[in-house]
Each structure stands twice: as structure tokens, then as C-alpha cells.
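1. no sequence on hand, only this structure:
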């Protein structure tokens, strides 16, 4: 049963540090070799850069059904422990590595109990922060969260990306595929609640993205924290 499987991750990494690796182009401006010595939560199609980046995530979080459907074969082949939002469950069945997480609606903004589910909050990064909370990490460092996108149309509108993808670390990320326009305002509102929850118990979230546009989290130079 999903909930009992998720329960065993509670406080598994109490008082440890984790790096959430988002998928922005800024990853290409970093030497990511330091991640070989860190616990990493990768997001969505991070598999597209692993050979080049030289690290492998211990965990992976994906919530968007479109993303999971597009990459289901690659995700299924990964040896990372995967937390997949229930909306995408049909595209990636549960197995020894794959765990389905219920998706919560308002009034929940940030879930402190993964067995009950998590809130997507407009961005997979927010879901990953709830996973990190459940596992007890006291410090979360985010990289690759550029928080800027080139797109046409309204937030959440589905669009086909006609040419190379300018919004992610790989030009092939959504090239020729349908993707959902981002909602930066909703993402920021979710991040603000995540920061409040972490700091209320003496934990912290640091944003070490190179030239990241998000102003919600405390900023830090990745070269200082990962010496």
C-alpha cells in the first residue's frame, strides 16, 4: 500500500543536507562534479543531462502527467527512488523504486505528511520540498531554479514547443513536444509557504542557482557552500 511504503521515508535523513536539482539552463554554467558527494533529489527529465553532468540522483520527483508520459521509459530505467504524483500514476506503475504520492488540493499548501500526499503548488520543485521535509532534511540547497521562461499564452496553457527548448538545460527537453506554460506567481506563493514551514522548525532552504530570478529563498553562492 502506497501510504505504508511512504511512511518508511519519514526522517530517514534527519539533520542531513540535500540538493534539489531543478532543470534550468543555469546548470550548464556549473561544474556539477560536487554533486557526487551530495544527496540529490532530481526533477522530471534530469536524466537528459546525467552523463554530461557526472552525477546521479538518489531520489527523483515528477508530478506532471505530460512529463511522466513523455519520459516514462527513461524514468522507469533509472535506479533512483522515484516519487510520482498520483495524477501521473497511470504512466509509471509502482515498483521497488517507484512510489505514487497522493495529490492534495486547497486548503493544503504544504504537506508535512507524505503519506497523506503533497501539494503540487504550480511547480514540481514545491513537491520536492515536501518530500525533503518528510525525509527530515534540515538543509535544502536548490540549484538550477532559473525561474524565468520564454513562452506565449497563459499560465498552465498547453503549447507545442516548435524549436529547441530555451527554458531547460537541454534543447531537447520539450523540443517538438507539448508542455504546460509555467505559473511563476503561483510558484512563488508556494515557495513562500515552504520557506515559512522550514524556518518554523529551525530548518532552512537555500537558493544557490547561478543568476536565478527567484527572490523567495535566501541566496548563496554554490562555490561557497560546496567547497
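-> Okay, I see it. No experiment lies behind these values; they were computed from the predicted model shown.
2. ends of stretch 92-100, what's the gap?
-> 9 Å (C-alpha to C-alpha, to the nearest Å).
3. list the buried residues for the helix ranked longest in the chain?
-> Identified as the longest helix of the chain according to DSSP state H is helix 184-200. Residues of helix 184-200 classed as buried by neighbour count (16 or more other C-beta atoms under 10 Å): 184, 186-191, 193-195, 197-198. (Glycine included, C-beta is placed from N, CA and C.)
4. now stretch 14-27
-> Within stretch 14-27, the residues scored as buried using 16+ other C-beta under 10 Å are 17-27.
5. other residues contacting it?
-> 32, 35, 38-46, 49, 53, 57, 125, 128-129, 132, 135-147, 166-169, 173, 209-212 (C-beta atoms under 8 Å, 6 or more residues apart in numbering).
6. which residues are in contact with residue 105?
-> The contact partners of residue 105, taken as C-beta under 8 Å, 6+ apart, are residue 119.
7. before we move on, which element is it in?
-> Taking DSSP states H and E as the definition, residue 105 sits outside all helices and strands.
8. over to it: give its phi and psi.
-> Note on residue 105: backbone dihedrals following degrees, to the nearest 10 are phi -110, psi 170.
9. now swap in residue 128 and tell me
-> Per-residue torsions, residue 128: phi -60, psi -30 (degrees, to the nearest 10).
10. which residue packs closest to it, ignoring adjacent ones?
-> residue 61 (4.3 Å; C-beta to C-beta, 6 or more residues apart in numbering).
11. next up, the contacts around the one you found.
-> Contacts of residue 61 (C-beta under 8 Å, 6+ apart): 41-44, 82-84, 124, 127-128, 131.
12. looking at this protein, which helix or strand is least sure?
-> Here the helix or strand of the chain ranked lowest by mean pLDDT, DSSP states H and E is helix 2-7, holding a mean of 84.
13. for that one, packing partners?
-> Applying 3 or more C-beta pairs under 8 Å, 6 or more residues apart in numbering; DSSP states H and E, one finds that helix 2-7 contacts strand 98-101.
14. for the record, mean pLDDT for the strand it packs on?
-> Over the span of strand 98-101, the pLDDT mean works out to 98.
15. coming back round to it: among the buried residues of stretch 14-27, which two are most distant?
-> Pairwise distances across the buried residues of stretch 14-27 peak at 24.6 Å for 17 and 25 (criterion: C-beta to C-beta).
16. quick revisit: wait, a strand at the residue nearest to residue 128?
-> Yes. Checked against DSSP: H, G, I helix; E, B strand; the rest coil, residue 61 lies within a strand.
17. okay, and the beta partners of it?
-> Assessed by DSSP bridges, residue 61 has beta-bridge partners residue 43, residue 83.
18. just the helices in this protein please.
-> Using DSSP H, the helices of the chain run over residues 2-7, 50-53, 65-70, 72-77, 124-134, 184-200, 222-225.
19. wait, which of those is closest to residue 155?
-> Closest to residue 155 of the helices of the chain, according to C-beta to C-beta: helix 184-200, at 7.2 Å.
20. residue 32: what's it in contact with?
-> By C-beta under 8 Å, 6+ apart, the contact list for residue 32 reads 21, 53-55.
21. looking at neighbours, which among those residues is most surrounded?
-> The member of the contacts of residue 32 that has the most neighbours, counting by other C-beta atoms under 10 Å, is residue 21 with 28 neighbours.
22. hey, what's that residue bridged with?
-> Taking DSSP bridges as the rule, residue 21 bridges to residue 42, residue 143.
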